[in-house]
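Structure of the sequence below:
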Amino acid sequence: MAKADFSRRHIGLGESDLESMLQLLDCTSLDDLMEKVVPEAIVRSEPLKTPEALSEPDFLESMREMAKKNKCYKNFIGQGYYGTHVPSIGA
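Purely as a prediction, here's the structure:
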């Protein structure tokens, strides 16, 4: 289902845009840029464990199923709350 594939519809950086950005930032590649800007302490050494990718229609259906589990409750925020001035402890 190629038309439903998000990546085919996404308009990202073109090759010339990428080259211009890297040149402006004095980097040779995206990996070089990442090494310069991402602190080593937060870089993962192992790959993320992610589930198999879904097509856009399958993802939307899974979100609909998840949304069915939502429960609506009454919200009383704003009822009985008034703007007040609380003096500091030393006053």
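
And the pLDDT for Leu60?
Per-residue pLDDT puts Leu60 at 96.

Next one: it from Lys71, what distance?
21 Å (CB to CB, to the nearest Å). In this view, the C-beta of every residue, glycine as well, is placed from N, C-alpha and C.

Settle it for me: which of these two has more neighbours?
Between Leu60 and Lys71, counted using other CB atoms under 10 Å, Leu60 has the larger neighbour count: 12 against 4.

sec struct for that one, please.
Secondary structure for Leu60, judged by DSSP: H, G, I helix; E, B strand; the rest coil, is helix.

likewise Met63?
With three-state DSSP as the criterion, Met63 reads helix.

what's the spacing between it and Lys74?
Distance from Met63 to Lys74, counting by CB to CB: 25 Å.

Identify the residues contacting the host helix or strand of Glu19?
If you go by DSSP states H and E, Glu19 is part of helix 15-24. Helix 15-24 has contacts (CB atoms under 8 Å, 6 or more residues apart in numbering) with 13, 28-30, 32-33.

need the helix or strand of the chain with the lowest average pLDDT.
Between all helices and strands in the chain, the lowest mean by mean pLDDT, DSSP states H and E belongs to helix 6-9, at a mean of 69.

tell me the helices in the protein, going along the chain?
For the chain, the helices defined by DSSP state H occupy 6-9, 15-24, 30-37, 56-67.

want to try CSV for the ones you listed, with distance to Thr84 as columns?
Below are those laid out as CSV (distance: least, CB to CB, whole Å):
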stretch, distance to Thr84
helix 6-9, 49
helix 15-24, 51
helix 30-37, 45
helix 56-67, 38
